[in-house]
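[1] Prediction below, plus the sequence it came from.
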Number of protein chains: 2
Amino acid sequence: MLEEQLTVAHLSESELLARIFPRLDRTSAVLLGPGDDAALVAAPDGRTLISIDTQTQDQDFRLQWNNGYRTTGFDVGWKAAAQNLSDINAMGGRATSLVVSLTMPPATQVSWVEDFADGLTAAIRDLGAADCSVAGGDLGRGRELGVTVAVVGTLGGLPPVVRSGAEAGDVVAVAGTLGRAAAGLALLESSVAMASLTPEQKALVENQCRPIPPLAAGPLAANSGVKAMMDISDGLIRDAGRMAAASTVVLDFDPVALKAHAAPLEAAAGLLGIDPMAWVLGGGEDHGLLATFPAGIQLPAGFTAIGSVQAVDESPGGSVRIAGQPADTVGWDHFAD
Amino acid sequence: MLEEQLTVAHLSESELLARIFPRLDRTSAVLLGPGDDAALVAAPDGRTLISIDTQTQDQDFRLQWNNGYRTTGFDVGWKAAAQNLSDINAMGGRATSLVVSLTMPPATQVSWVEDFADGLTAAIRDLGAADCSVAGGDLGRGRELGVTVAVVGTLGGLPPVVRSGAEAGDVVAVAGTLGRAAAGLALLESSVAMASLTPEQKALVENQCRPIPPLAAGPLAANSGVKAMMDISDGLIRDAGRMAAASTVVLDFDPVALKAHAAPLEAAAGLLGIDPMAWVLGGGEDHGLLATFPAGIQLPAGFTAIGSVQAVDESPGGSVRIAGQPADTVGWDHFAD
């Protein structure tokens, strides 16, 4: 049988695992695993961060996009790792291991699964999660592809950075990019063929398929007096609304700073007839960080100021504004229309 | 709208979470969560066990079985928790928290999700995982129901109990039941209506839908000189083959001891015209423990001897026998036919 005809239905679970394991790195934080009923991972400060995220075919990614791009196993592996690494980053921590559950239709090519494993490994390496490796996993069948990753990580003795710590007077800052993944998604869903995109526009598509969370920034913020922090995964305005509600404050964004994030998106936005600010305000999946710092301190490397925190006034629960005006919630919600 | 007409498509993610959270317990091992990007869980001995398991609709359970039984959200929640708690038990550890990812079609009833949360909570409580609670999760859409749980746990300072520690001369023992979940599965797949089953036979169906891993037995074994241990999730013979291979030994089962496990299954087996030994040898999902102990020690409570470990002879890699004869591999494999 030709290698490209080989599907997961042709292999036993152990044969498939034997093709995956050599593609994974192993770091010293994994004390035992994979291969037993559970892995054992170092938790040097006596605590462990944990988070879980699922990507489901046709909900979180399409195997074939409208513009012709075909999502690779590498893309799905990269994105699954990046999303989870970002959750640890948002707490100010460093990831120590991932466990990965992959649900696949029987017709899934074995080469797709190998490519998926390569994507996990590449994301961990290239995003700089040097302490992290895959400690274990689970393989199963389903009608659609589904990838769930759980991540554990360490805070290195520091307190967790929560989203409820913002106070009036703080500076609001972001690390990483805003709106690039959303611009890439719009290009993927458009009828503009991949081949006709400029290198700059192709880079936006890459940011959607293989996001680049700023993993150095989270621990740096935790060591630099950050007051509140979270991952921007559902869009700046929506996620800022969550921070504002958790902290009972007003987050007020500076339109000039927001426009600086929109400028690099203007060519792609023009191509599709879209206002690039919609991507900056509503796009998640870049997995940047939203944080607040005490006024007057020098922001840690990677962060730029984007607004300020104010006390709540008439609205009881905290809110988001742009230059003092209420910002609409334009991000993504999984269920509501 | 009537409560039973309410589906997950009618609620935002935060509205759905607000219905789930009150149904979950909270224990002191969860230092932070849910609600931030990651939860923080105590890892008192500086290490954490971690494992992940997925259940997918029509692969791991049917919403409607051939015999008329309808799988409840409670069943799915219970089983997802039980499977994962069992993985920590098999290492000799105690679970400290679960993170839960639930993928659902939009038409899923909200009451099903609430029932699912109740099933998670009930399994944790009733199985005696007193240190454990749900620390976080993820909700998403898909064409089919899928539940992935990752579990973390602690070894309380002891070494992990691996499957590679068996040595010639050891006693082979099991804790928990064998074949009951497989018998229940056969009843669910049969045309014998639920209503016509005896209470004993209904209890077998319950063991399939809501398995009862012996969670006290794992840590007790770890404190009692256990040499090798694993969860029996894919069938005694198949899982014993994995332990034999990892330890490079022969596991030789005593047919008299095996028959003692088959006896309580005889009525159900007779009803379906099946040899109950097929369930004892091939059935997983009871999530009992397979372990080896040094000869001559008193087995810890919950374990009964079922065979002995012998040195490998002609076969190079380790094997499983019954009264010295090669045992066929009759368990479950997700991919191979």
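    Perfect, I can see it now.
[2] can you pull out the strands in the stretch 51-200 of chain A?
    Using DSSP state E, counting those that start in this stretch, the strands of the stretch 51-200 of chain A run over residues A:94-104, A:133-141, A:146-154, A:171-175.
[3] Show me the one of these that comes nearest B:Val174.
    With C-beta to C-beta, the closest approach to B:Val174 among the strands of the stretch 51-200 of chain A belongs to strand A:133-141: 23.4 Å. For the C-beta atoms, the positions are set from N, CA and C on the backbone; glycine is no exception.
[4] Just checking: what are the partner strands of that closest one?
    Paired with strand A:133-141 in the same sheet, following DSSP bridges, are strand A:94-104 (parallel).
[5] Out of the strands of the stretch 51-200 of chain A, which one sits most buried?
    strand A:146-154 (a mean of 30; mean count of other C-beta atoms under 10 Å in any protein chain shown).
[6] Just the C-alpha atoms of it, please, in CSV.
    Provided in CSV are the C-alpha atoms of strand A:146-154 (Å, rounded to 0.1, in the frame of the first residue of the first chain):
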residue,chain,number,x,y,z
GLY,A,146,-11.7,16.8,17.1
VAL,A,147,-8.6,17.8,19.0
THR,A,148,-8.6,18.5,22.7
VAL,A,149,-5.5,19.5,24.5
ALA,A,150,-5.0,20.0,28.2
VAL,A,151,-2.0,21.9,29.4
VAL,A,152,-0.3,22.1,32.8
GLY,A,153,2.2,24.7,33.8
THR,A,154,4.0,26.3,36.6
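[7] Hey, what's the angle from it to strand A:133-141? Just curious.
    160 degrees (axes from the mean of the first three to the mean of the last three C-alpha atoms, to 10 degrees).
[8] Off-centre distance for strand A:146-154?
    Counting by C-alpha atoms, centre = their mean, to the nearest Å, strand A:146-154 is centred 12 Å from the centre of its parent chain.
[9] One more: stretch A:135-151?
    Computed by C-alpha atoms, centre = their mean, the separation of stretch A:135-151 from the middle of its chain amounts to 18 Å.
[10] ditto for stretch A:97-108
    In terms of C-alpha atoms, centre = their mean, the centre of stretch A:97-108 is found 19 Å from the chain centre.
[11] Present the strands of the stretch 51-200 of chain A as a markdown table; the columns should include distance to A:Asp60 and mean pLDDT.
    Formatted as a markdown table, those follow (distance: least, C-beta to C-beta, whole Å; pLDDT from 0 to 100):
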| stretch | distance to A:Asp60 | mean pLDDT |
| --- | --- | --- |
| strand A:94-104 | 13 | 97 |
| strand A:133-141 | 18 | 95 |
| strand A:146-154 | 9 | 98 |
| strand A:171-175 | 23 | 98 |
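[12] Helices along the stretch 201-337 of chain A, start to end?
    All helices of the stretch 201-337 of chain A, identified by DSSP state H, counting those that start in this stretch, fall at A:217-222, A:236-247, A:255-262, A:266-272, A:276-282.
[13] For B:Val192, which of these is the nearest?
    B:Val192 sits nearest to helix A:236-247 of all the helices of the stretch 201-337 of chain A, at 51.3 Å, using C-beta to C-beta.
[14] Extract the C-alpha set from that closest one and format it as CSV.
    Provided in CSV are the C-alpha atoms of helix A:236-247 (Å, rounded to 0.1, in the frame of the first residue of the first chain):
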residue,chain,number,x,y,z
LEU,A,236,-10.5,42.5,22.3
ILE,A,237,-13.9,44.1,23.2
ARG,A,238,-15.6,40.9,24.4
ASP,A,239,-12.6,39.8,26.4
ALA,A,240,-12.1,43.3,27.8
GLY,A,241,-15.7,43.2,28.9
ARG,A,242,-14.9,40.1,30.9
MET,A,243,-12.0,41.7,32.6
ALA,A,244,-14.0,44.8,33.3
ALA,A,245,-16.8,42.7,34.8
ALA,A,246,-14.5,40.6,36.9
SER,A,247,-12.7,43.7,38.2
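[15] elements contacting that helix?
    Helix A:236-247 sits against strand A:228-232, strand A:249-253, helix A:276-282, strand A:288-293, strand A:319-322, with contacts defined as 3 or more C-beta pairs under 8 Å, 6 or more residues apart in numbering or on different chains; DSSP states H and E.
[16] now the closest residue to chain B within the stretch 101-250 of chain A: how far from A:Lys259?
    Residue nearest to chain B within the stretch 101-250 of chain A: A:Ala150 (3.3 Å; C-beta to the nearest C-beta). Using C-beta to C-beta, to the nearest Å, A:Ala150 is found at 38 Å from A:Lys259.
[17] closest one to B:Ala38 among the strands of the stretch 51-200 of chain A?
    B:Ala38 lies closest to strand A:146-154 among the strands of the stretch 51-200 of chain A, at 7.0 Å (C-beta to C-beta).
[18] in its sheet, what does the closest one sit against?
    Counting by DSSP bridges, strand A:146-154 is paired with strand A:47-56 (antiparallel), strand A:94-104 (antiparallel).
[19] So what's the gap between the last one and the chain middle?
    Offset of strand A:94-104 from its chain centre (C-alpha atoms, centre = their mean): 14 Å.
[20] Kindly present the strands of the stretch 51-200 of chain A as a markdown table, with separate columns for distance to B:Met91.
    Converted to a markdown table, those look like this (distance: least, C-beta to C-beta, whole Å):
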| stretch | distance to B:Met91 |
| --- | --- |
| strand A:94-104 | 14 |
| strand A:133-141 | 11 |
| strand A:146-154 | 15 |
| strand A:171-175 | 38 |
